[in-house]
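Q: 3D model of this:
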Amino acid sequence: EEVPSQTFDNKDYFCGKETFPVYESVFTEEGETIRKIAAETEKPPQIEIHVWTIRKGILRHFYVEKMSKREFEELPYFKQITRTTPSQWKIFSEGEAQISQMCESRVCRTELEDLVKVLYLEKSEKGHC
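A: Prediction:
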């Protein structure tokens, strides 16, 4: 029997797990890269945006802002990059806190890239959830 494969559309479940969309925005101004990773949370229903300011590969500033879904929809520069689970988002948030301390004094380009990869869910083989 054919099992429908997971697609990237609005499916809310990944192998039976709840998922939500993750968005990214990256722009450079005056030698700094501002990278924002945003996720739509259900409880409470809002958008959580993690903002990294990177200068010459060093994480200079990091903070989290929260806004309503309506406010977020008015922002023009975010694109959806994946869907993730609440548990993966927790790992991302905890890892981010560690990296923000570690990367105040040294270049952390690869650590930040690896952290974002945590949000991507592994595509499971058909029927092997």
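Q: Could you use CA atoms for every contact and neighbour count after this?
A: Noted.
Q: so where's this protein shaky on pLDDT?
A: The chain contains residues with pLDDT under 70 at 1-14, 16, 123-129.
Q: Please, where are all the helices along it?
A: 69-73, 86-102, 109-117 (DSSP state H).
Q: could you give the angle of the second one to helix 109-117?
A: Yep, that's helix 86-102 we're talking about. 160 degrees (axes from the mean of the first three to the mean of the last three Cα atoms, to 10 degrees).
Q: what's the spacing between helix 86-102 and its chain's center?
A: The chain centroid and the centroid of helix 86-102 are separated by 10 Å under Cα atoms, centre = their mean, to the nearest Å.
Q: Show me what that helix is packed against.
A: Here helix 86-102 touches helix 109-117, going by 3 or more Cα pairs under 8 Å, 6 or more residues apart in numbering; DSSP states H and E.
Q: quick revisit: for His50, which of the helices of the chain is the nearest?
A: helix 86-102 (8.7 Å; Cα to Cα).
Q: list the buried ones in that closest one?
A: Pro86, Trp89, Phe92, Gly95, Glu96, Ile99, Ser100 (16 or more other Cα atoms under 10 Å).
Q: got a list of contacts for that helix?
A: Contacts to helix 86-102, defined as Cα atoms under 8 Å, 6 or more residues apart in numbering, come from residues Glu18, Thr19, Phe20, Leu59, Phe62, Glu111, Leu112, Leu115, Val116, Val118, Leu119.
Q: Any figure for the gap between the first one and Arg109?
A: In this case it means Glu18. Applying Cα to Cα, to the nearest Å, the value for Glu18 to Arg109 is 30 Å.
Q: Chain neighbours aside, what residue packs nearest to Ile49?
A: Nearest residue to Ile49, sequence neighbours excluded (Cα to Cα, 6 or more residues apart in numbering): Ala38, at 4.2 Å.
Q: could you list every residue that touches Glu24?
A: Counting by Cα under 8 Å, 6+ apart, Glu24 has contacts Arg35, Lys36, Ile37, Ala38, Phe78, Lys79, Gln80, Ile81.
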